[in-house]
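Asks: Provided below are the primary sequence and the corresponding predicted coordinates.
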Amino acid sequence: MRRAVRWCLALCVAVLCSHAALAADVTPADLKPFVQALGSGGYAGTEKALGRLAEAGDPAAVPVIEALQAGDLHVRKADGAVVIARKAGGGYALSDPLTRADLGEAPAAAVEKIRINNSLRRAISATLGALTLMSPDAATRRSAADAVFKSRDAAALETLAAAIAKETDAGVRRAMEQARAAILLTAGGAPDADVQAAVATLADRGDRDALALLTMVAGSDASDAARTAARAAAATVEQTLAMWAAAQNLWYGLSLGSVLLLAAIGLAVTFGVMGVINMAHGEMVMIGAYATFLVQEAFRAYAPGLFDWSILVALPVAFLVAGGVGIAIERSVIRWLYGRPLETLLATWGLSLALQQAVRSLFGPTNREVGAPSWMSGAFELGGLTITYGRLWIVVFAFAVFAALLVALKKTWFGLSIRAVTQNRAMANAMGIRTARVDALTFGLGSGIAGLAGVALSQIDNVSPNLGQSYIIDSFMVVVFGGVGNLWGTLVGALALGSVNKFLEPYAGAVLGKILVLIFIILFIQRRPRGLFALKGRAVEA
Amino acid sequence: MLTRFLLMGLDRRAGVMLAVLALLAVAVPAMTLWVPEGSPWHLSIHTVSLLGKYLCFALLALSLDLVWGYCGILSLGHAAFFTLGGYAMGMYLMRQIGPRGVYGHPVLPDFMVFLNWTELPWYWLGFDQFWIAALMVVLVPGLLAFAFGWFAFRSRVTGVYLSIITQALTFALMLAFFRNDMGFGGNNGLTDFKEILGADIQAPATRIALFVATVLALALGYLIASAVVASKLGKVLIALRDAESRVRFLGYSTESYKLFAWVLSACMAGVAGALYVPQVGIINPSEFAPAASIEAVIWVAVGGRGTLAGAVIGAVLVNFGKSYFTAALPELWLFALGGLFVLVTLFLPKGLLGLAGQVAARLPRRERLAAAPDATAERKGA
């Protein structure tokens, strides 16, 4: 009991202290006359008062000006006090603009709105920009600097200079200097040295906005030296931009390529290693995606707090479910069709239709919602690149799966048996390898990897019964292009096709780009009928 | 000489097939026009068009069997040739609409007016003439097949690789035809046809005429295909299906033989598409979908590959099943089709026509001897 009382006391003290601290920050007394002036003298009076608030340079005025901008600032008719009035029920709820203290309610007739016109609106945003430049929060200052850079309002120049002098954060200071340079160049009439310094600052910024400003200076009536500098800077910036654009395309290509790699790598095992054309491969991917959906539903129902980790649980589940379905398919259908690749194609196509319909009957024909964990959402900037975490993780995952598969095939007993059965089934059998079991497990492995691909694809694509269909043709293209029976070929094929697709897209559009890639593959197969990394020797005719 | 060539393909099975087709060509119009509506023997115009559709698919299956059953080229893109033929016919029908379109433009089809085009693209010129359109029905698929086959067979792309790039071909065409600026109506395709050769396309007489034309085309296709198969050329085709390198080492130019069968097959598929479009009244890019081509493969597999008659029977049976199931139990259709694929490949490697032989082989010896003449006849036909 005593402990509880002590707790309560401590809590009260803490609350009081924090309240006092807040109150100490605000200096309502100094700003009060200016705020009061906002309400008198019509538009001109308001604008004048606004100017004084800006000069005072106190960030405490920001909420007041924001209220003015939103049209919430009113004059109380009874005493002429400026108050914030927000609609509440039939009348208005009043509060003090500076202290936020509640001033009770008033009927609509008791207050009069402080009206603003376009010229005032401009002044308000300039003042807000200038005031937030002084904010104690670095992120706020930074966004204010960016806002000034965009608006290029000459009125902010002095505030900006003051802010730069006070600024301690290097990054924010750079943003402010860039804003100042932008204003100097736009306004014109600045001394030559200043213009050249501004050109240098903008060249340092090096983005599309800077390029626009620099080209403007290069064509303006500035001094020859300044123009030459601007032209040179513009050329450099252009080059940098082109480089970043290429890098961005490369990243998109890598990201698309890794998606293709994920979808195709399981196929490379069943088609490349076993010689089985699995048209139901896309449905294995689909099963993996639906397994992710089910795991997430279970997490939502039983452990919503751990939702972020559901995808890690979904990985083994999807692998086992898709792998299990794969083994069942191999035992019931494929094993009767070895050595007849075209027949396996037909039978697995039939299975793919049945699996699609089964999923449609179980889960309905519509898309299912699969959420992204928090560590997979959002994006970050890397120089001129924008990289989303979701794509980044998929790229990492694709390469991890590839590496794991490579190790499994080269370094484990299971991989050794797979390769032995692939190379000479009869001999492997004679040496005591149970070929039937190896076949089933290999097919299960390929299907399981497809299931893993499904987990990844559920993050970037709709989870619907048609999910697999949209990847199956691309996957075949990758495997055929890369050369059957070669995992490295699949890797190179996926990345090459992904990048070619993304580099063509800006010029040809997405659909035409895809058509061109298909035609390219058709022609490529003519040159190298067995793909990029063809098997040589006796295995070829088998 | 041509007649002699065509008569060469006439064995017992071809005789039966042609007799059945002749019966259809006579009985179906008679049952539609002269049997009174209340009678159970009466056929509605709707049924006639449906039968006509099945027979178009049968012609497509026949063309596929020629290359798959006899040359061993499994095409997963035969619907591409079918659809191109269909588009050629559709363009003719589009031009026949004239100023009766929604926008009333005398020359441009509605979708071009909608896209603010001011004149007809060059590849639409001449399609107001039936003979040009009819030529294109054969020529366009034929040329595409020639170009594709020329490269593919020369580079000795075979087996699975060939199948997959035929799939790439039809997929690329589908993507292209879905684009609005291709000038083929984008994803809506070509539709709203009014008349063909001056006759109202909705009129019962026209529908029946189209059906009879389809039966005749199928009969002619069957004759040509069986004549090719029975000729020396056909023997070479079968030989290279079974052992391509051996045929090559014997001095035959295998790619020319394959190319011939491939182009002939594409032209037949184009004709099938051209007859299909006026009977269903629409052609759109979804006909290019790889799934459509693969479905055609299953018709052949169900009937029995390498039998010609089997392809026709398979196409009609599977499509009849599809019409029945999709109306009665829509969810079950994909299960039924999928199951059919699996069961046929596992248990009927020779299809329904091969089933007769399989059953005969299991009969006790005396009965087998009695059935022997039948079996030899079958082998001759194959």
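Replies: Received it, and whenever you're ready, just let me know what you need.
Asks: Leaving aside the residues adjacent along the chain, what's closest to the residue in the stretch 251-400 of chain A that chain B sits nearest to?
Replies: Chain B sits closest to A:Gly350 of the stretch 251-400 of chain A, with a gap of 2.4 Å, by CB to the nearest CB. No exception for glycine: its C-beta is placed from N, CA and C like everyone else's. Excluding its sequence neighbours, the residue lying closest to A:Gly350 (CB to CB, 6 or more residues apart in numbering or on different chains) is B:Phe341, at 2.4 Å.
Asks: can you pull the contacts of that neighbour?
Replies: Counting by CB atoms under 8 Å, 6 or more residues apart in numbering or on different chains, B:Phe341 touches A:346-347, A:349-351, A:353, B:298, B:301.
Asks: max-length helix in chain A?
Replies: helix A:224-267 (DSSP state H).
Asks: Quick one: distance of that one to the chain centre.
Replies: 17 Å (CA atoms, centre = their mean, to the nearest Å).
Asks: and it with chain B, contact?
Replies: No. Legend: contact between helix A:224-267 and chain B by CB under 8 Å from any CB of the partner chain is lacking; minimum distance shown is 11.1 Å.
Asks: For chain A, what is the nearest residue in the stretch 1-150 of chain B?
Replies: For the stretch 1-150 of chain B, CB to the nearest CB, closest residue to chain A: B:Leu74, 5.0 Å.
Asks: Secondary structure element holding the residue nearest the centre of chain B?
Replies: The residue lying closest to the centre of chain B (CA atoms, centre = their mean) is B:Leu60, at 1.1 Å. Taking DSSP states H and E as the criterion, B:Leu60 maps to helix B:45-71.
Asks: So which bits of that helix are buried?
Replies: Using 16 or more other CB atoms under 10 Å in any protein chain shown as the test for burial, helix B:45-71 gives B:45, B:48-71.
Asks: rewinding a little: what values do phi and psi take at the residue of the stretch 1-150 of chain B closest to chain A?
Replies: The phi/psi pair for B:Leu74 (degrees, to the nearest 10) reads phi -80, psi 100.
Asks: Mind jotting down where the helices sit in the stretch 101-250 of chain B?
Replies: Assigned by DSSP state H, counting those that start in this stretch, the stretch 101-250 of chain B shows helices spanning B:110-114, B:130-154, B:159-178, B:204-230, B:232-242, B:244-249.
Asks: okay if I get the ones you listed as TSV plus mean pLDDT?
Replies: TSV is the format used below for the helices of the stretch 101-250 of chain B (pLDDT from 0 to 100):
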stretch	mean pLDDT
helix B:110-114	89
helix B:130-154	95
helix B:159-178	90
helix B:204-230	94
helix B:232-242	92
helix B:244-249	92
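Asks: now, of those, which is deepest in the fold?
Replies: helix B:159-178 (a mean of 22; mean count of other CB atoms under 10 Å in any protein chain shown).
Asks: top strand in chain A by residue count?
Replies: Across chain A, the longest stretch assigned as strand under DSSP state E is strand A:82-88.
Asks: Export only the CA atoms of whichever strand or helix holds A:Ala193, formatted as PDB.
Replies: Per DSSP H and E, A:Ala193 falls inside helix A:192-205. The C-alpha coordinates for helix A:192-205 follow below in PDB (Å, rounded to 0.1, in the frame of the first residue of the first chain):
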ATOM      1  CA  ASP A 192      29.300  37.800 -59.400                       C
ATOM      2  CA  ALA A 193      31.300  36.100 -56.700                       C
ATOM      3  CA  ASP A 194      28.100  35.100 -54.900                       C
ATOM      4  CA  VAL A 195      26.600  33.800 -58.100                       C
ATOM      5  CA  GLN A 196      29.700  31.600 -58.700                       C
ATOM      6  CA  ALA A 197      29.600  30.400 -55.200                       C
ATOM      7  CA  ALA A 198      25.900  29.500 -55.600                       C
ATOM      8  CA  VAL A 199      26.700  27.600 -58.800                       C
ATOM      9  CA  ALA A 200      29.300  25.600 -57.000                       C
ATOM     10  CA  THR A 201      26.900  24.900 -54.100                       C
ATOM     11  CA  LEU A 202      24.200  23.700 -56.600                       C
ATOM     12  CA  ALA A 203      26.700  21.600 -58.600                       C
ATOM     13  CA  ASP A 204      27.500  19.900 -55.300                       C
ATOM     14  CA  ARG A 205      23.800  19.200 -54.800                       C
END
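Asks: So which other helices or strands are in contact with it?
Replies: helix A:170-187, helix A:208-218, helix A:224-267 (3 or more CB pairs under 8 Å, 6 or more residues apart in numbering or on different chains; DSSP states H and E).
Asks: quick one, the first one and helix A:208-218 angle?
Replies: Here helix A:170-187 runs at an angle of 40 degrees relative to helix A:208-218 (axes from the mean of the first three to the mean of the last three CA atoms, to 10 degrees).
Asks: and helix A:170-187, how far out from the chain's middle?
Replies: The answer for helix A:170-187 is 28 Å, by CA atoms, centre = their mean.
Asks: What is it packed up against?
Replies: Using 3+ CB pairs under 8 Å, 6+ apart, helix A:170-187 sits against helix A:138-151, helix A:157-166, helix A:192-205, helix A:208-218.
Asks: how about CSV for the ones you listed, with mean pLDDT, distance to B:Ala360 and mean neighbour count added?
Replies: Below are those laid out as CSV (pLDDT from 0 to 100; distance: least, CB to CB, whole Å; neighbours: other CB atoms under 10 Å in any protein chain shown):
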stretch, mean pLDDT, distance to B:Ala360, mean neighbour count
helix A:138-151, 79, 85, 19
helix A:157-166, 78, 97, 16
helix A:192-205, 80, 85, 19
helix A:208-218, 80, 78, 19
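Asks: Need those in CSV (columns: distance to B:Val212).
Replies: Formatted as CSV, these follow (distance: least, CB to CB, whole Å):
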stretch, distance to B:Val212
helix A:138-151, 73
helix A:157-166, 86
helix A:192-205, 76
helix A:208-218, 67
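Asks: ok, the nearest residue to A:Gly41 once chain neighbours are set aside to chain B distance?
Replies: Nearest non-adjacent residue to A:Gly41, counting by CB to CB, 6+ apart: A:Lys48, 7.0 Å away. Counting by CB to the nearest CB, to the nearest Å, the gap from A:Lys48 to chain B is 55 Å.
Asks: Quick check: A:Lys48 is in a helix.
Replies: Yes. Checked against DSSP: H, G, I helix; E, B strand; the rest coil, A:Lys48 lies within a helix.
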